[in-house]
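Chemist: please find the sequence and the predicted model below.
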Amino acid sequence: MADSCKIDVTPGDISLQCERGKNLLNVLQDAGLELRAECGGEGTCGNCQVRIPGEKNFEYDGGGVLTSERKEKGYYLACQVGVIDDMEVEIPGSSLISGQQILLDGRDEGEYLEQSLESSLDIEIAPPYRRDRLELPPPTLQDNTSDLERLRRELRQEKEDVDYTISRELLGSLAGRLRECEWDVMVDTADKFSHREIISISAAEESDYYGMAVDIGTTTVVASLLDPENGRELSRQGEYNHQARYGDDVIARINHASKNEGGVEEVHSALIDTIDQLVDDLCEEADISSEQIRYIVAAGNTTMMHTLYGIDPNHIRHSPFTPTFSQAPPLKAGQLDISTHPEAPVYSFSAIGSFVGGDIIAGVLSSRLHEEDDMTMLIDIGTNGEVVVGNSDFLIACSASAGPAFEGGGITSGVRAREGAIEQVYFADDLEPLITTIGDEPPVGICGTGLIDLLATMQRSGIINRSGRYNTELETDRLRERSEDNREFVLVREREAGIDEDIVLTEHDIKHVLRSKAAIYAAIKMILDRLSFTEEMIQQVFIAGGFGNYLNVDAAIRLGLFPDLPRERFTFIGNSSLQGARRGALSASEFKKSREIAGQMTYLELSSEENSGDFMDEFVAAQFIPHTDLSLFSSLEAESKEEVN
């Protein structure tokens with residue numbers, strides 16, 4: 001048998017070569033085919049399904065999470081397949097990450113785009129990176145000030161109190177460079193917040209330069225190309241985070257980085273590949289060179305920032321949950337292998353804890369929560385759910401692990417938000433579901449917001465009870481036994497679906513969603529209890545992030561995800577992390593303000609010995625629809641009289 005194997009992949013008619021014995025998932029991912037692997041290739045999520053026709057000419061280690069129907073049709077988990085011979089592989093669309101919706105800004109893209117750009121322009125445009133053309137007076141016997149002091153003197157004409165530093169390497173070439181340029185130079189300086197650093201000195205050629213703001217999310221990465229001269233945005237692009245091959249959540253990626261030889265470099269490289277793809281897309285749309293991007297401002301959770309800098313995030317997940325850094329010094333893009341100008345400084349927003357990172361600080365900055373008079377709450381929902389409560393007087397934040405359910409992970413027919421994903425369901429009197437999909441395409445699965453809407457509708461219609469169990473007295477053939485103690489409801493029959501199987505919702509799926517929503521609500525309740533606040537004291541709620549952007553607030557309250565407040569108090573603010581990063585990229589004072597916000601914010605660690613017991617009590621109580629304590633949801637209490645089972 002040959003040492004090299006050929007793999008023919010459809011759709012796309014792709015032919016790959018790999019060494020014998022290679023893992024099929026790794027081979028496909030290395031070829032740029034990003035399959036869903038929420039479990040990091042452990043074989044437990046069941047989402048990297050591929051069909052391999054013909055005889056079984058490969059090694060296979062798993063299969064337990066596949067249904068018997070899928071096995072009979074020739075489906076396998078790519079992460080469990082060892083390639084030992086030539087083979088054919090068919091990849092269903094539901095197994096691919098590509099095609100998902102990436103939130104570039106707000107709920108109404110056009111409206112929020114204009115609003116967010118206007119909010120960036122309400123600040124003084126004075127970015128942390130600057131290019132100045134200086135015509136220095138040549139030294140004379142009467143003015144024989146040193147070259148460096150001569151340069152500093154000219155720079156200080158705009159800001160007298162600023163201290164300018166310079167690297168040894170640049171200092172060594174300073175004298176020759178000034179004279180070669182005949183004292184007419186372009187000087188690039190970067191704000192280091194206690195001083196400014198002279199980054200480069202070159203001939204005085206008029207050339208445009210740009211900044212880049214980046215929101216580094218666990219699932220997606222979104223970047224904005226900015227003209228720092230006038231605060232104008234030239235392009236905005238989004239890309240799924242290529243780290244997804246190592247798992248769907250931060251814990252899976254921490255495990256991969258810390259437990260595998262070269263793991264830290266692998267998760268770092270995957271993120272840099274993602275950012276480089278965005279750099280290429282931004283530059284292509286704006287018709288500029290990547291070297292014209294002279295600085296970057298990034299916001300992301302604590303784990304993402306560790307992987308950006310290539311730092312082992314292992315201690316983030318172990319008590320006492322201590323990150324290596326909260327506030328990283330600016331490093332150069334070349335040091336991180338980012339394909340912009342190699343000297344471009346990379347600034348990052350400060351974190352305040354292991355699981356409340358710079359993306360939340362950026363969200364507070366962009367929402368102006370820290371300037372509010374009224375008591376305000378910010379909720380950002382993803383694989384982690386972060387909650388901030390406060391106003392101009394104080395800020396307190398916490399984080400709870402919601403898991404991947406809100407992005408379709410761990411759900412039998414779950415998918416990320418993409419074309420064909422079910423996002424809304426209505427049941428007719430005969431219990432026939434009427435569904436709406438993203439893009440009006442044939443249904444391929446249920447996305448996170450669709451799950452919220454679906455469960456709220458099912459409970460209101462009497463299809464499930466408050467504990468998430470199906471009503472066994474329903475007269476419909478759509479309700480059937482899946483396994484012992486696990487029924488399922490057929491939402492879309494195979495003949496009507498965009499995939500070759502039924503789309504179903506099982507009782508185990510429902511429990512999974514209820515646990516996720518319970519974690520978020522318990523975090524909200526914990527913060528309010530620690531402040532001795534009632535929910536009614538919250539005058540406005542900002543909902544941020546990709547998941548929240550497409551959410552039906554009524555359904556979320558009915559399910560018990562959000563507190564039962566008047567609906568007009570809820571405001572969707574879109575990608576607040578990117579908006580905050582953009583503000584920091586256009587204004588050094590805004591970036592400094594973000595550090596002040598981080599310094600003023602109190603972090604409530606829910607997993608600490610002091611808080612974990614109370615959090616678990618709240619978590620268990622919230623695993624019902626909407627809650628075990630119906631008095632917390634007074635607007636729903638009158639219609640929810642059934643006993644908790």
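Modeler: Thanks, I have the structure now.
Chemist: where does Lys641 land on pLDDT?
Modeler: For Lys641, the pLDDT comes out at 51.
Chemist: helix or strand with the lowest mean pLDDT in this protein?
Modeler: Least confident helix or strand, the chain: helix 109-121 with a mean of 49, by mean pLDDT, DSSP states H and E.
Chemist: and Asp554, how close does it get to Asp453?
Modeler: 9 Å (CB to CB, to the nearest Å). For glycine as for every other residue, the C-beta is placed from the backbone atoms N, C-alpha and C.
Chemist: higher neighbour count, those two?
Modeler: Asp453 (26 against 14; other CB atoms under 10 Å).
Chemist: and the more buried one, what element?
Modeler: Asp453 is located in helix 448-460, with elements delineated by DSSP states H and E.
Chemist: after that helix, next one along is what?
Modeler: Next along the chain from helix 448-460, counting by DSSP H and E, comes strand 479-483.
Chemist: export that next one as CSV, just CAs?
Modeler: Below are the C-alpha coordinates for strand 479-483, written out as CSV (Å, rounded to 0.1, in the frame of the first residue of the first chain):
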residue,chain,number,x,y,z
LEU,A,479,-43.8,13.4,18.2
ARG,A,480,-42.0,10.1,18.5
GLU,A,481,-39.7,8.2,20.8
ARG,A,482,-36.0,8.6,20.0
SER,A,483,-34.6,6.5,22.8
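Chemist: quick one: buried residues of it?
Modeler: Leu479 (16 or more other CB atoms under 10 Å).
Chemist: ok now that strand, how far from the chain's centre?
Modeler: 35 Å (CA atoms, centre = their mean, to the nearest Å).
Chemist: what of stretch 356-368?
Modeler: 13 Å.
Chemist: same question for stretch 546-553.
Modeler: 14 Å.
Chemist: gap between the two ends of that stretch?
Modeler: Stretch 546-553 has an end-to-end distance of 14 Å (CA to CA, to the nearest Å).
Chemist: and the contacts of that stretch?
Modeler: Under the criterion CB atoms under 8 Å, 6 or more residues apart in numbering, residues 101-103, 106-107, 217, 219-220, 379-382, 406-407, 417, 423-424, 448-449, 452-453, 456, 543, 562, 567, 570, 572, 574-575 lie in contact with stretch 546-553.
Chemist: rerun at 6 Å
Modeler: Contacting residues not belonging to stretch 546-553 are listed as Leu103, Arg107, Ile381, Phe406, Gly448, Thr449, Asp453, Arg567, Phe570, Phe572, Gly574 [CB atoms under 6 Å, 6 or more residues apart in numbering].
Chemist: thought the fourth one was touching Gly448?
Modeler: So the one you mean is Phe406. Yes - using CB atoms under 6 Å, Phe406 is in contact with Gly448, at 3.8 Å.
Chemist: report the buried residues of stretch 326-333.
Modeler: Quick answer for stretch 326-333 (16+ other CB under 10 Å): Ser326, Ala328, Pro330, Leu331, Lys332, Ala333.
Chemist: and it, how far apart are its ends?
Modeler: 19 Å.
Chemist: quick one: strands adjacent to the helix or strand just after the least confident helix or strand of the chain?
Modeler: Note on helix 109-121: by DSSP H and E, the next helix or strand toward the C-terminus is strand 129-135. Using DSSP bridges, strand 129-135 pairs in its sheet with strand 184-191 (antiparallel).
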